[in-house]
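[1] Turn this into a model:
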Amino acid sequence: MSKSKLIQRMYREVHSLDRSLLPTTAVQAVIDSIKPFINIYFSARLITLLTQKADTKEIITNIALVLGINVVIFFLASFLNNYNENHRMMLLDLENKKVEEKLYNADYALLNDSEFKELLHRHEEAGKSRWARLPYFMWTTLQFTRGVLTTIISFIIIIPLLKVGFLRTGNTFFERPLFIVTIVSAIAVMAVVILIVASKINKSYLEANEKYAELDRIFYSFIDILGDYKTGKEIRLYKEQNLIDNIATQKILTEGEITLRKISMRTAKSSSFIAILGALVGFGVYLFIGVKGLFGLFGIGSLVLYCGSFMQIISGIMMFANTLSKLKEILPLARDYFKILEAESTMVYGNRELYLSNGFELEFNNVSFKYPKSDNYALKHINLKISNGEKLAVVGRNGSGKTTFIKLLCRLYDVDEGEIFINGINIKEYTRDSLNNLYSVVFQDYKILSLTVADNISASDECDKAKLCSALDKANINERIEAMPQKEKTYLYKDLDKSGVEISGGEAQKLALARALYKDSPIVILDEPTAALDPIAENEIYSRFNSFVENKTAIYISHRLSSCAFCDRIAVFDNAELVETGTHNELVSGNGRYAELWKAQASYYLE
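    Modelled structure (predicted):
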């Protein structure tokens, strides 16, 4: 996408997010541009009136008029400035909301794509710098428009002066048109130089900003490490403070200081050059106006008007030159934003509904799967049927494909080969909501949010109190919740509420289990649900497992084979393949992988 098309798209995006911001920004730019000329004009007029010895009433009237106009302009400018600043900042929230909606509706596979994750990372980093993307773009739009309007108004005011300049009133250099040509040419050259210098300054800033972004990541990672009570134990016991401090000093302070010094020197030199250039041009302008005034070509009031207007030209040129250079910073961030919104979800859902009361039969038919951009199979030629109401345990070593099996069943990924059927119909023919409603899952990498207990369990603003208590009781966490200050309305963790309660890993896992039970789906899937529990709590979960799932279909993944005995059937995975199925007694008495794993685990308890 070309720069011009990208800029047009950014304006369309701003208008779609906030329909008032573009017009109010235009009005603010007009008012801000007019504001300095009001005082310039009335100063010139008052001087003219004084030199012409106008009556006191007329002078007072003009003073009152300029004061009144200034009051109105001041309040208008202040209101619009505050209004637009607030709305520019709100753009960031509106952007992020749009990205959040995109992420929620995107394919799960897309979230695991390395390029897409890098896009998200840059988007997140951009949100921490200045105003970022669209808010910063609208600020530069305001400044650019002000600069252009200021320059145009200034030229309109000095048109009479330019006409005078092109009149030959004598033979000296100052009385010939060459004088005004020299002044205008100098201003034009200065404008070009300012554009070039501003571009170089911004390039240096971008290079430094990239370096600082890297240092910021290091700095905040150290802050996270040092401020996390979970890592605080190791840092103190192993005395890692000096190691972290040395790295921080070397990376952040030393390299950061060098980077700052370089950018500061470049900026100082460039800014000094522009200031000197502006002073020289300004001197030429004053000289021109002063000479023409001495020749009596205009009065002293006009002298003030033309001087002020000429200097506003220089101010306007610097204003829009600086904002033009900012586009090099903004446009790449905007491209990332639109790439996120444009990222395609390739997973297509059908329009068939699943009726939850009819029972289910699940079938993997010769299913094979590779994760995106991987050459190795995560699952190979899996054939397995799961009957309605069956309790299936899935076991195997790490990396054998157990969790991948669940992700395919939930259609977080599509298979590369073979088919998955539900009641004899390809899983792809069902609606997304039907599949989501079918499963209650506790994954290994579950997430408990920094919200209330009720919000976490119900995953909604509305909570059925009876269902909540039942789910908490089945997960054996109800007593802990009842002991909390506000029971189920207690916030977990302290991110959003200072009175939030910190919970242990085992308690968090029980809450994740309670959330799955609250959802009350026909198929319950538990991926290592007791990994963070102590043996007593684990035994309680196992002994009550059948009451959890009741007549539901249950799929249970575990490394602890002793927990599989209560299941109707066990599926054993190894090296991405399904190598065995059978009951616990059938498999343990054989010579297969399950018996090997069982004996290996049993040896730890016998020793």
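[2] Now do stretch 461-477: distance from first to last residue.
    21 Å (CA to CA, to the nearest Å).
[3] Make 434 the first number, not 1, from now on.
    Sounds good: first residue 434 from here, last item stretch 894-910.
[4] so which strand or helix has residue 1004?
    strand 1002-1007 (DSSP states H and E).
[5] Extract the CA atoms of that strand and return them as PDB.
    This file holds the C-alpha atoms of strand 1002-1007, laid out as PDB (Å, rounded to 0.1, in the frame of the first residue of the first chain):
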ATOM      1  CA  ARG A1002     -10.800 -47.100  28.500                       C
ATOM      2  CA  ILE A1003      -7.200 -45.800  28.100                       C
ATOM      3  CA  ALA A1004      -5.600 -44.500  24.900                       C
ATOM      4  CA  VAL A1005      -1.800 -44.600  24.900                       C
ATOM      5  CA  PHE A1006       0.100 -42.200  22.700                       C
ATOM      6  CA  ASP A1007       3.700 -42.400  21.800                       C
END
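[6] packing partners for that strand?
    strand 824-829, strand 1010-1015, helix 1017-1021, helix 1026-1039 (3 or more CB pairs under 8 Å, 6 or more residues apart in numbering; DSSP states H and E). All C-beta spots, glycine's among them, are computed from the backbone N, C-alpha and C.
[7] can I get those in TSV with mean neighbour count?
    Shown next, in TSV, are these (neighbours: other CB atoms under 10 Å):
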stretch	mean neighbour count
strand 824-829	24
strand 1010-1015	17
helix 1017-1021	17
helix 1026-1039	14
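[8] want to throw these into TSV with mean pLDDT?
    Formatted as TSV, the helices and strands packed on strand 1002-1007 follow (pLDDT from 0 to 100):
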stretch	mean pLDDT
strand 824-829	89
strand 1010-1015	91
helix 1017-1021	87
helix 1026-1039	71
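[9] quick one: which of the ones you listed is nearest residue 814?
    strand 1010-1015 (6.9 Å; CB to CB).
[10] Parallel or antiparallel, list what pairs with that closest one.
    Sheet pairing of strand 1010-1015 (DSSP bridges) gives strand 1002-1007 (antiparallel).
[11] Just the residues contacting stretch 985-994, thanks.
    Identification of contacts with stretch 985-994 by CB atoms under 8 Å, 6 or more residues apart in numbering yields 793, 795, 819-828, 831, 835-836, 839, 842, 954-964, 971, 978, 981, 996-997, 1000, 1027, 1030-1031, 1034.
[12] For stretch 479-493, buried residues please.
    Neighbour-count burial for stretch 479-493 flags 479-482 (criterion: 16 or more other CB atoms under 10 Å).
[13] can you count the residues close to residue 910?
    By other CB atoms under 10 Å, the residues close to residue 910 number 23.
[14] Give me the pLDDT value at the nearest residue to residue 1010 once chain neighbours are set aside.
    Of all residues not flanking residue 1010 in the chain, residue 813 sits nearest, at 5.2 Å (CB to CB, 6 or more residues apart in numbering). Confidence at residue 813, expressed as pLDDT, is 94.
[15] tell me what whichever strand or helix holds residue 813 is packed against?
    Here residue 813 sits within strand 810-819, counting by DSSP H and E. Where contact means 3+ CB pairs under 8 Å, 6+ apart, strand 810-819 is packed against strand 795-803, helix 835-842, strand 850-855, strand 1010-1015.
[16] which helices and strands sit right next to the first one?
    If I follow you right, that is strand 795-803. Using 3+ CB pairs under 8 Å, 6+ apart: strand 795-803 touches strand 810-819, helix 835-842, strand 850-855.
[17] Return the most buried member of these.
    helix 835-842 (a mean of 22; mean count of other CB atoms under 10 Å).
[18] Tell me how far it lies from the chain's centre.
    30 Å (CA atoms, centre = their mean, to the nearest Å).
[19] Then stretch 578-592?
    With CA atoms, centre = their mean, you get 38 Å for stretch 578-592.
[20] Likewise for stretch 807-825?
    That offset, for stretch 807-825, works out to 37 Å (CA atoms, centre = their mean).
[21] Give me the contacts around that stretch.
    792-804, 834, 837-838, 841, 850-851, 979, 982, 984-989, 999-1004, 1009-1011, 1014.
[22] Just the buried ones from these?
    793, 795-798, 800-803, 834, 837-838, 841, 851, 982, 985-989, 1000, 1002-1004, 1009-1011, 1014.
[23] just the strands in the stretch 834-983 of the chain please.
    Along the stretch 834-983 of the chain, the segments classed as strands by DSSP state E, counting those that start in this stretch run 850-855, 858-859, 872-875, 956-960.
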